[in-house]
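Asks: build me a model:
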Amino acid sequence: VDLRSLRLRFAGRTDKGVHARGQVVAVDLPSEKVEWEMNKALNSRLPMDISVASVETCAPTFEPRQTCIRKRYSYTIRYQRRVKGTEEHKVNGGVHMLRTAHDSPILWLCPWSLDDSILEQKCKALTGTHDFSPFVHKDVSGVRDCETNLELFQLNILDETSDSSITAKFVLEAKGFGRNMVRNLVGFVVDQCRGQLSVPDVWTADLNGKIHAAPASGLCLEKVWY
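Replies: The predicted structure follows:
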């Protein structure tokens, strides 16, 4: 099989540096192998940081991106909790004081201390059905309908150390996400919690030039439903 001749159809496009645990890929292969044999053959040839969880036969017309009913993304971050009554925004000693030798590559070491008492409130304010064009890449926002229902945007604390270093995971769910949308949403919430930005009502505010994407390193496509 000439790999260049294969038409791969993905459930979601990912930027350079973004990870995926639940990517779905459809491809037409001229093979008589049963599904488990194909699964084994693929994994035996893929690099160690890529693996196929399962192989299933699908209709030739199956399009993973157009037919999905929901996607889940996660974004993992480690930050330092802001000490109440202080105005210090940067992490003490810099971001390298936050890392460990056993960190997952799916992680953003946030260089700012955050007031996480308002994190849940800021995430919840972004849920629901809205026009998310301010949070979508400019090349897309002007030419596509960016209205969608963000069904879930929550933060789960994974680990907390005695020096107020917090490892947490944002979880977002919707039928679809525009280009850069998840990273922009996370970056927007972080900017508010570090005191860089104050937006009382996000849906009436002028957000032009005020949204900065979080780095790609913390983002992961977790699951796709059909």
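Asks: so in this structure, where's the weakest helix or strand by average pLDDT?
Replies: When each helix and strand of the chain is scored by mean pLDDT, DSSP states H and E, helix 138-141 comes last, with a mean of 77.
Asks: output the longest strand belonging to the chain.
Replies: The residue-count maximum for a strand in the chain (DSSP state E) belongs to strand 70-81.
Asks: show me what counts as buried in it.
Replies: 71, 72, 73, 74, 75, 76, 77, 78, 79, 80 (16 or more other CB atoms under 10 Å). Placement of C-beta: from N, CA and C, glycine included.
Asks: JSON lines for those residues, including pLDDT and distance to residue 25?
Replies: Output for the buried residues of strand 70-81, formatted as JSON lines (pLDDT from 0 to 100; distance: CB to CB, whole Å):
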{"residue": "71", "pLDDT": "96", "distance to residue 25": "14"}
{"residue": "72", "pLDDT": "97", "distance to residue 25": "17"}
{"residue": "73", "pLDDT": "97", "distance to residue 25": "17"}
{"residue": "74", "pLDDT": "98", "distance to residue 25": "20"}
{"residue": "75", "pLDDT": "98", "distance to residue 25": "22"}
{"residue": "76", "pLDDT": "98", "distance to residue 25": "23"}
{"residue": "77", "pLDDT": "98", "distance to residue 25": "28"}
{"residue": "78", "pLDDT": "96", "distance to residue 25": "30"}
{"residue": "79", "pLDDT": "95", "distance to residue 25": "33"}
{"residue": "80", "pLDDT": "92", "distance to residue 25": "38"}
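Asks: helix or strand right after the longest helix belonging to the chain?
Replies: The longest helix of the chain (DSSP state H) is helix 181-193. Using DSSP states H and E, the helix or strand that follows helix 181-193 towards the C-terminus is strand 219-225.
Asks: what comes up buried for that next one?
Replies: Result for strand 219-225 [16+ other CB under 10 Å]: buried residues 219, 220, 221, 222, 223, 224.
Asks: what's opposite the fifth one in the beta bridge?
Replies: Beta bridges link residue 223 to residue 72 when assigned by DSSP bridges.
Asks: just checking, it touches residue 74?
Replies: No - counting by CB atoms under 8 Å, residue 74 is not a contact partner of residue 223; they are 9.3 Å apart.
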